[in-house]
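A.B. asks: have a look at this prediction, sequence included:
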Amino acid sequence: MNSWKAQQLVMRRLLGRRRRRMARVRPGASPGTLLPPESAQPQETRVTILRYTREVIEEREVKNPEECLESLHQPGVTWINIDGLGRPEILARLAEQLQFHPLAVEDAINAPQRPKVEAFTDHLMLILRMLRLAPEMQIEEEQVSVFFGAGYLISLQERPGGDVFEPVRERIRQGRGRIRSAGPDYLAYALLDAVVDGYFPVLETLGERLDRLEDEVVAERTGLALPKIQKLRRDLLTLRRTLWPMREAVVALEREEHPLIASDTRVFLRDCYDHAVEALEIVEMDREAATAVMEIYLAAQNQRLNEVMKVLTVIATLFIPLTFIASIYGMNFEYMPELRWRWGYPVALGLMGAVAASLLYYFKRQGWW
């Protein structure tokens, strides 16, 4: 595969992904319309409830929204996690009971959305972008929407099949830290911090791929390194596109003067902001390194092309005087004495060999060969 075909293949994949993402938006829909992705299946949606106080903890899986509503009236903090967008009626029922704004619910269902923070009178909404590594070292991007108010937190994940929140669940189950004694604002911080910390394994994997590419581009002779470089740059762009608004969302949540956010929680949010800035700086450095790798690749390709052109130029230069000699004695004039000379043929070949040897010696002395 040459460089031009590789670039065309990468561009087709990028445009295809963009078209698939844009196709989810249906123009003309009224505000507040709940429009789950076409790929979402109702049977894949899983709803779990994790309710805890300082002394007790209760964890179970439920099937209908009414069981979720019953748990909201119990003491402690209730964390309702919805895996999958196949059943928007679950969030709609909870939103009706808790008086969520219809536009906020629409943003949660109609993924993907830009990471942001929305503050309302009695609740706040966060939209996060969760990244994790697939078994084939592919980066999976997923939207996570979080609603939290007095005594509850509702998280809605775009797809079922795992998340980065398991360490938070383990802390709640084992009662480690202050999470069991804090409110839903601290739980929201814990989820936000888990999402941000989940970027670092992805960054580490991309850094290892970048190190390998630096070695490959110098020894690469088949042109297969270009698609790898383009894919790495696309992954870094995905991270950058996610981290910039995530950083702004953390700042907005920290500075939001809302009674649901305790002053103690703001200290932890500042630490989460530092992690987001650190991850963003790593992304920017890796992007610069990826650009440098691309330049090294192009320089190596140009160097190989120059080597080929040098060999071809030397060969052409050698044959120019030989062609000149052969063309002279190839003329069919009648009165050319060398044509009828007995030793004319070997002398002509010897002259050609002498000229070629002289040129090679000259090129060697000049360092051109």
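C.D. replies: Received, thanks.
A.B. asks: please enumerate the helices of the chain.
C.D. replies: If DSSP state H is used as the criterion, the helices of the chain fall at 3-22, 65-72, 88-98, 102-109, 166-174, 184-197, 199-219, 225-255, 263-329, 344-366.
A.B. asks: and the ones you listed, which is most packed in?
C.D. replies: helix 184-197 (a mean of 23; mean count of other CB atoms under 10 Å). In short, each C-beta sits where N, CA and C put it, glycine included.
A.B. asks: so where's the stretch 101-250 of the chain shaky on pLDDT?
C.D. replies: 136-137, 220-223 (pLDDT under 70).
A.B. asks: coming back round to it: in a markdown table: the helices of the chain, plus distance to residue 47.
C.D. replies: Conversion of the helices of the chain to a markdown table gives the following (distance: least, CB to CB, whole Å):
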| stretch | distance to residue 47 |
| --- | --- |
| helix 3-22 | 26 |
| helix 65-72 | 7 |
| helix 88-98 | 6 |
| helix 102-109 | 14 |
| helix 166-174 | 15 |
| helix 184-197 | 17 |
| helix 199-219 | 27 |
| helix 225-255 | 25 |
| helix 263-329 | 26 |
| helix 344-366 | 78 |
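A.B. asks: relative to residue 129, which of these is closest?
C.D. replies: Proximity to residue 129 (CB to CB) singles out helix 225-255 among the helices of the chain, at 4.3 Å.
A.B. asks: for that closest one, packing partners?
C.D. replies: Counting contacts by 3 or more CB pairs under 8 Å, 6 or more residues apart in numbering; DSSP states H and E, the secondary-structure elements packed against helix 225-255 are helix 3-22, strand 116-119, strand 123-133, strand 139-149, helix 184-197, helix 199-219, helix 263-329.
A.B. asks: identify whichever of these lies nearest to residue 367.
C.D. replies: For the helices and strands packed on helix 225-255, the distance to residue 367 is smallest for helix 263-329, at 11.2 Å, taking CB to CB.
A.B. asks: avg pLDDT for that closest one?
C.D. replies: Confidence over helix 263-329, taken as the mean pLDDT, stands at 85.
A.B. asks: so how far is that helix off the chain centroid?
C.D. replies: Relative to the centre of its chain, helix 263-329 is centred 21 Å away, using CA atoms, centre = their mean, to the nearest Å.
A.B. asks: that one to helix 344-366, inter-axis angle?
C.D. replies: In this structure, helix 263-329 runs at an angle of 150 degrees to helix 344-366, with axes from the mean of the first three to the mean of the last three CA atoms, to 10 degrees as the basis.
A.B. asks: and helix 263-329, what does it pack onto?
C.D. replies: The contact analysis (3+ CB pairs under 8 Å, 6+ apart) places helix 263-329 against helix 184-197, helix 199-219, helix 225-255, helix 344-366.
A.B. asks: now the phi/psi pair for residue 85, please.
C.D. replies: The main-chain torsion angles of residue 85 are listed as degrees, to the nearest 10 and equal phi -110, psi 20.
A.B. asks: so it sits against residue 111, correct?
C.D. replies: Yes. A contact is recorded between residue 85 and residue 111 when judged using CB atoms under 8 Å, the distance being 6.7 Å.
A.B. asks: most centrally placed residue in the protein?
C.D. replies: For the chain, the residue whose C-alpha lies nearest the mean C-alpha position (CA atoms, centre = their mean) is residue 235; its distance is 2.4 Å.
A.B. asks: ok, the residue lying closest to residue 235 once chain neighbours are set aside - contacts?
C.D. replies: Counting by CB to CB, 6 or more residues apart in numbering, the nearest residue to residue 235 once its immediate chain neighbours are dropped is residue 139, at 5.4 Å. The contact partners of residue 139, by CB atoms under 8 Å, 6 or more residues apart in numbering, come to 131, 132, 133, 202, 235, 238, 239.
A.B. asks: who does residue 139 form a beta bridge with?
C.D. replies: Taking DSSP bridges, one finds residue 133 as the beta-bridge partners of residue 139.
A.B. asks: same question for the one 10 residues further on.
C.D. replies: When bridges are assigned using DSSP bridges, the partners listed for residue 149 are residue 123, residue 152.
A.B. asks: good, we can wrap up now.
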